[in-house]
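Participant: Next comes the sequence, and after it the predicted model I'd like to discuss.
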Amino acid sequence: MATVEQAQAKLTALINNLSPQARRQLARNIGQALRKSQQARIARQQNPDGTAFEPRKPQKQFGKKKGRIKRKAMFAKLRTAKHLKVRSNGNEVSVGFNGSSATIANVHQYGLKGTVNKNKGIKVQYAQRELLGFSESDMELIENLIIEQLSL
């Protein structure tokens, strides 16, 4: 599997020949494409390596109404553009979360303990679900965007 460093080493010299405006445009395009790719992968409930997210644990129903509880896909709001931010300039691009969204994402990304209910202070060990990460298709996407920009 190619790493970010390997791709960066291959293309750094070519990117340095671009004008500052072209580099900013390239960074913005890469960031937007990566965000779209990450959002789609999170919607499919997959880790960057293609494995499925570990499913939610079943909830205990003490004194709550009986019946079917609809279990929707995890991270529906977290994957929106409001929470999944792109920052770029001529030299770098980052795709990530801010504020409380970052805290939630961090707990799931690394499988940490998190507070379920702030009032009761209940802590639970979450399963590791990698929300952000590079897949092979992301690396190919970045390389294609750079080649496309260089061909202009």
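Facilitator: Cool, got the structure.

Participant: Mind listing residues that contact stretch 116-125?
Facilitator: Residues outside stretch 116-125 that contact it (Cβ atoms under 8 Å, 6 or more residues apart in numbering): 111-115. Glycine gets a C-beta too; all of them are placed from N, C-alpha and C.

Participant: Now, the residues you listed that are in strands?
Facilitator: Under the assignment DSSP state E, these contribute 113-115 to strands.

Participant: Which of those ranks first by neighbour count?
Facilitator: Using other Cβ atoms under 10 Å as the neighbour test, the ones in strands among the contacts of stretch 116-125 are led by Gly114, with 15 neighbours.

Participant: Can you report phi and psi for the nearest residue to that residue once chain neighbours are set aside?
Facilitator: Spatial nearest neighbour of Gly114, chain neighbours left out: Val107 (4.0 Å); criterion: Cβ to Cβ, 6 or more residues apart in numbering. Torsion angles at Val107 (phi, psi; degrees, to the nearest 10) stand at phi -60, psi -40.

Participant: Show the pLDDT at Val107.
Facilitator: Looking at Val107, its pLDDT reads 95.

Participant: OK, contacts around it?
Facilitator: 113-114, 126.

Participant: Turn the ones in strands among the contacts of stretch 116-125 into CSV, columns for pLDDT and distance to Gln25.
Facilitator: What follows is these, written out as CSV (pLDDT from 0 to 100; distance: Cβ to Cβ, whole Å):
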residue, pLDDT, distance to Gln25
Lys113, 93, 42
Gly114, 89, 38
Thr115, 86, 42
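
Participant: of all those residues, which comes closest to Pro55?
Facilitator: When the ones in strands among the contacts of stretch 116-125 are compared for distance to Pro55, the smallest value, 17.0 Å, is given by Gly114; criterion: Cβ to Cβ.

Participant: What's opposite that closest one in the beta bridge?
Facilitator: According to DSSP bridges, the partner residues bridging Gly114 are Val124.

Participant: Perfect, I'm done here.
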